[in-house]
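Asker: coordinates only, sequence not included:
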């Protein structure tokens, strides 16, 4: 089995709905809009907190309309999908405003959806009452290695999963607005890993999280380096480690930033890398006693998490609008990821294992 049947990237099924982008920072300029241009998604307008920033991004990506404010963009009748890239303290108000607009069919929100689980639950319920599709940008599910890993697991090639780990030693780009919040790594970096573990293995029963402050981060924070252990109903034990220190950074020091992952099963093992820290493609290799005859097989692709995964994120929302079906990245599902993050913070604070049944999402 040479791995040629895998689908590391999505097939674009739907692409006709007009997008209005709110935000002009790195994630919008370098990821969202790069992906949309490649996929042929129509972006008709942009706005940001600073109009000048939006104008620069609009010129780069040939976006025809620049609005003075995010609210003006939301009122633009040409816009059918609002794509938000705004801080989590300001995002809920924009979501609520968008839910009142009859011409808007769907919203793509950033993660974390809000600063608290309670606020995320309110947004989930308000979107449902408004009859609008609200989707959350958990883009690591569309990383090519994670998609192929999911396909391998679902094929049964690894048998029953025994153990999984994500091992990160890399320095995130902490956005300036995070200095105003107490919560740092678990809510803004680990959320990728915790969500993708849910994507792979379902909802865990419990989580235990330990943390220490990151010596490099100059603003105050409760969680720097984090280690979370999750236990799933199937018996899977998983570890998610985020070492955001990952060694010194000074002239002459050759750092080794990386993210590795591994999944052990009763019939085989899959392992690989996430290419984000060094700007290369993620990788995967696997061996199965049955599917590969015990030999290691390494499917190959040239696309990357940033920006290509963002094609999948917007495609699943476009397709949900067209078909009237729930998006793959639904707000209801994201509330469960928010609950897992909340449980991790409770574990840190109380020094104990937290069962997810203790965290209400009603």
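Answerer: The structure has been received and is ready for your questions. Since this is a predicted model, take the numbers as computed values, not measurements.

Asker: where does the stretch 101-250 of the chain have low pLDDT?
Answerer: Within the stretch 101-250 of the chain, no range satisfies pLDDT under 70.

Asker: mind listing the helices for it?
Answerer: Using DSSP state H, counting those that start in this stretch, the helices of the stretch 101-250 of the chain run over 117-130, 144-155, 185, 191-201.

Asker: Figure out which of those is closest to residue 326.
Answerer: Ranking these by proximity to residue 326 (Cβ to Cβ) places helix 117-130 first, at 10.7 Å. No exception for glycine: its C-beta is placed from N, CA and C like everyone else's.

Asker: just checking, what packs against the closest one?
Answerer: helix 91-99, strand 133-136, helix 331-350 (3 or more Cβ pairs under 8 Å, 6 or more residues apart in numbering; DSSP states H and E).

Asker: Residue 61 reaches residue 32, doesn't it?
Answerer: No - here residue 61 does not reach residue 32: they are 9.5 Å apart, not a contact under Cβ atoms under 8 Å.

Asker: Would you mind telling me which of those two has the busier surroundings?
Answerer: residue 32 (27 against 17; other Cβ atoms under 10 Å).

Asker: what's the spacing between the more buried one and residue 88?
Answerer: Counting by Cβ to Cβ, to the nearest Å, the gap from residue 32 to residue 88 is 17 Å.

Asker: Count the neighbours of residue 49 for me.
Answerer: Using other Cβ under 10 Å, residue 49 has 15 neighbouring residues.

Asker: which SSE is it in?
Answerer: Assessed by DSSP states H and E, residue 49 sits outside every helix and strand.

Asker: could you list every residue that touches it?
Answerer: Contacts for residue 49 (Cβ atoms under 8 Å, 6 or more residues apart in numbering) come out as residue 70.

Asker: what's the burial count for the closest residue to residue 289 other than its chain neighbours?
Answerer: Ranked by Cβ to Cβ, 6 or more residues apart in numbering and with sequence neighbours excluded, the top spatial neighbour of residue 289 is residue 267, at 5.0 Å. If you count neighbours by other Cβ under 10 Å, residue 267 ends up with 15.
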